[in-house]
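# pasted the sequence and its predicted model underneath.
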Amino acid sequence: MNSETVYIADREHYDKVLSKVSKVKSTLWIATADIKDLHVASGSGVVPFLGVIASLIKRGKQVRLMHAKEPGPMFRADYDRYPVLIHGMERVLCPRIHFKLMIFDFKEVYIGSANLTGAGIGMKSPRMRNFEAGILSSDVALVDAATEHFDSVWRGARCKDCGRRRYCQDSII
């Protein structure tokens, strides 16, 4: 199997990474420090990113989202528009999350700096966009390492020795 690793910068986060979300065949895992209202192009219009996630869940795909803090009110309003997210999207809140990962079907991974925000990975204009950097890879060793890192936090393997447990609003274990 051929593997590829490419450097992703700025707008490429939207074009080359976020565009993969709707093409997931079985599993999407996302980790981000910050999450805000984020919109994506759909046909001739724009939809909330959470609408794309809701569509995946309706099609039977597994979606896990880990983030560090509660999102703002605009994200919450979008979340409430898609009731399937309440029970269909697995979600963990951990104040120590700072890494940014997207794992696509355990076959490809994004590892980088972009948060799940409009200015980070979203479709903001160049004048409003953050300067971001990352890699997109199908290298098995990278995908496996990122998957294990994500899963170790997800399952609470690091909670016992965490120095910030008192700040957990949604304790993993």
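Now that the structure is in, tell me what you want to look at.
# and Phe106, what is it in contact with?
Residues in contact with Phe106, defined by Cβ atoms under 8 Å, 6 or more residues apart in numbering, are 27, 143, 147. Quick note: C-beta positions are derived from backbone N, CA and C, even for glycine.
# of those, which is the most crowded?
Val143 (20 neighbours; other Cβ atoms under 10 Å).
# and for it, nearest residue in space, chain neighbours not counted?
What sits nearest to Val143 in space, not counting adjacent residues and going by Cβ to Cβ, 6 or more residues apart in numbering, is Val109, at 4.8 Å.
# run through the residues that contact that neighbour.
101-103, 136-138, 142-143, 146-147.
# returning to what we had before: the contacts of Phe106 in helices, which ones?
Of the positions in the contacts of Phe106, 143, 147 sit in helices, assigned by DSSP state H.
# dump the contacts of Phe106 to a markdown table, plus pLDDT and distance to Asp80.
Listed next are the contacts of Phe106 as a markdown table, based on pLDDT from 0 to 100; distance: Cβ to Cβ, whole Å:
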| residue | pLDDT | distance to Asp80 |
| --- | --- | --- |
| Thr27 | 98 | 25 |
| Val143 | 98 | 33 |
| Thr147 | 98 | 31 |
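# nearest to Phe75 among the contacts of Phe106?
Of all the contacts of Phe106, Thr27 has the smallest distance to Phe75: 22.5 Å, by Cβ to Cβ.
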